[in-house]
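In: I would like the atomic coordinates for the input below:
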Amino acid sequence: MSLRRFAILLSVCCLAFTGNFIQYQASALALDIMPMLEINSVGFSTMFLVPMLAAVFFGIPFGLAGDKFGPKRVVATCFAIACVGGLLRIITLYSYPLQLASLFLIGIGMAALSTNVVKTIALWFGSKTDTAVGVYYAVSCLGIVVSQAVGELYDSVRQAYVIAEIALVAVTALWVIVGKNLPKGVNPPTEKPTLNTFLVAAKNADVWLIALAVGFTLSSSTAFAGLLPQALESGKGMGGFTAGNMAALVTIASIFGCIVGPALCTHLKSFKPYLMIVNVIASAAMLSVWYVEGNASLHFVLAASGFLSAMTGPILQAMPVMMKGIGSRFAGSASGIIGTVSLAMSFLLPILISALSNENYEINLIMQAVCFAISILPIAMLSKIEKEQPA
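Out: Numbering: from 1, shown residues only. I've put the predicted structure just below:
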């Protein structure tokens, strides 16, 4: 079982790595894509975020399907659809509507994964779920780093998309081969009607509060990472390669934050004070990025913002399996609710911020930092959730 569970963790990490790599290609190639498609910053924000829109429509159904049929079948089917989307993206380079459609199809794979990954990891890792989820999010962040770091190395946008499609097909095949719903010797839970499965999670107020907290942090950190290369290049006058590398520093630091955050929580009795303090400091670090001068100071603030903003995400995402009445049995439905609400916020809030800031990078970054800080309000309203063996 020990080797198999690490193979499954590797497989879901590869899926997340590739999904984030594809989404953040738009950010890394923004200055080529925007004139090619004749779009402004609002149009680009929509394009960058449209993969998340899939989870808004399908997050809850995919979570319910994972509870009923098991995660393997649901994730495999949806990533097959994503592969079709990746092919469509290659052959419709100059059509903005079809590029949006292709990215939406790609987002279907990530929507299925995000709503079922905590359930999958909980079934295989038990009390070490939050640590394994931290590893998963760290590798997810690594996909962003690599995408931003290699953005200047492609010969063309088409070449970038072809490479991404090959990777997408490969990791989908890996999941089909490696994925498994339950460890050997573990019986599947007694099935309940699908509506009852959903209602168990939907009636739990903490599930909705977690969804709001994740929504504020995810929308802010996603928009921050997506805007940063442009802000540094156009707003601070950096070269494209330098701006890409500086933006990648945020995500590199976030990899360590994803691992350190859950590790620190193993020594805490209550999560709430920790989550609130870290998120306030993280928002201050994000706000400082625009105002610091000098490369050394900017490097430090970028690393701090990435590290701190990533520390709480894995813990919030893993919380449903620690909650009484949810556990691994209803984690798919709970994650579906969390994914739907948080990703709807992550799609709408950055577009709203982009529209309100009116091409002003300073205002945009200020609003993102405020958005991140607001996450402490739903966290403060959570019931006391302590670390315990997932059920």
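
In: Rank the helices and strands of this structure by mean pLDDT and give me the bottom one.
Out: Counting by mean pLDDT, DSSP states H and E, the chain has its least confident helix or strand at helix 194-202, which shows a mean of 70.

In: C-terminal to it, what's the next element?
Out: helix 205-230 (DSSP states H and E).

In: Any buried residues in that next one, and which?
Out: Within helix 205-230, the residues scored as buried using 16 or more other Cβ atoms under 10 Å are 206-230. Placement of C-beta: from N, CA and C, glycine included.

In: again, but for stretch 258-271
Out: Buried residues in stretch 258-271, defined by neighbour count with 16+ other Cβ under 10 Å: Cys258, Ile259, Val260, Gly261, Pro262, Cys265, Phe271.

In: Please name whichever of the residues you listed scores lowest on pLDDT.
Out: Among the buried residues of stretch 258-271, Cys265 carries the weakest pLDDT, at 72.

In: Chain neighbours aside, what residue packs nearest to it?
Out: In space, Cys265 comes closest to Ile315 once its chain neighbours are excluded; the distance is 5.7 Å by Cβ to Cβ, 6 or more residues apart in numbering.

In: How about residues contacting the strand or helix carrying the one you found?
Out: In this assignment (DSSP H and E), Ile315 forms part of helix 313-318. Here helix 313-318 makes contact (Cβ atoms under 8 Å, 6 or more residues apart in numbering) with 118, 122, 129-130, 133-134, 136-137, 210, 213-214, 217-218, 221, 258, 261-262, 265, 271, 275, 335, 338.

In: what about the residue nearest to Cys265, distance to Ile8?
Out: Distance of Ile315 to Ile8, given as Cβ to Cβ, to the nearest Å: 21 Å.

In: repeat for Asn116
Out: Here Asn116 is placed at a distance of 12 Å from Ile8 (Cβ to Cβ).

In: With Met276 instead?
Out: For Met276, the distance to Ile8 equals 33 Å [Cβ to Cβ].

In: Over to Asp32?
Out: Asp32 sits at a distance of 37 Å from Ile8 (criterion: Cβ to Cβ).

In: Please apply the same query to Ser95.
Out: Ser95 sits 38 Å away from Ile8, going by Cβ to Cβ.

In: Between the two, point out the one with more neighbours.
Out: The neighbour count for Ser95 versus Ile8, taken as other Cβ atoms under 10 Å, is higher for Ile8 (24 against 13).

In: The more buried one contacts Lys180, doesn't it?
Out: Yes. At 6.5 Å, Ile8 and Lys180 qualify as touching, with contact defined as Cβ atoms under 8 Å.

In: Give me the pLDDT value at Ala331.
Out: With respect to pLDDT, Ala331 has a value of 67.

In: Likewise for Lys184?
Out: On the pLDDT scale, Lys184 is placed at 64.

In: Let me see the contact set for Phe198.
Out: Contact analysis of Phe198 by Cβ under 8 Å, 6+ apart lists Ile60, Gly63, Leu64, Ser333, Gly336.

In: Show me the two of those residues that sit farthest apart.
Out: Using Cβ to Cβ, the contacts of Phe198 span at most 7.4 Å, a distance reached by Ile60 and Ser333.

In: Same drill for the two, tell me which one is more crowded.
Out: Counted by other Cβ under 10 Å, Ile60 and Ser333 do not tie: Ser333 has more neighbours, with 30 against 23.

In: For the nearest residue to the more buried one once chain neighbours are set aside, the count of nearby residues, please.
Out: Nearest non-adjacent residue to Ser333, counting by Cβ to Cβ, 6+ apart: Ala201, 4.0 Å away. Per other Cβ under 10 Å, the neighbour tally for Ala201 reads 26.

In: mind listing what Ala201 touches?
Out: Contacts for Ala201 (Cβ under 8 Å, 6+ apart) come out as Val207, Pro320, Ile326, Phe330, Ser333, Ala334, Gly336, Ile337.

In: Can you give me the pLDDT of Pro71?
Out: So Pro71 comes in at 84 (pLDDT).

In: Quick one: neighbours of it, just the number.
Out: 31.

In: Same check on the one 10 residues further on?
Out: Each residue near Ile81 was counted by other Cβ under 10 Å, and the total is 17.

In: you'd agree it is up against Leu105?
Out: Yes. Applying Cβ under 8 Å as the test, Ile81 and Leu105 come out as touching, 5.7 Å apart.

In: Please name the nearest non-neighbouring residue to Gly63.
Out: With sequence-adjacent residues excluded and distances taken as Cβ to Cβ, 6+ apart, Gly63 is closest to Gly336, at 2.3 Å.

In: Please point out which parts of the helix or strand that contains the one you found sit buried.
Out: Here Gly336 is covered by helix 331-357, with elements defined by DSSP H and E. Within helix 331-357, the residues that count as buried by 16+ other Cβ under 10 Å are 331-351, 353-354, 357.
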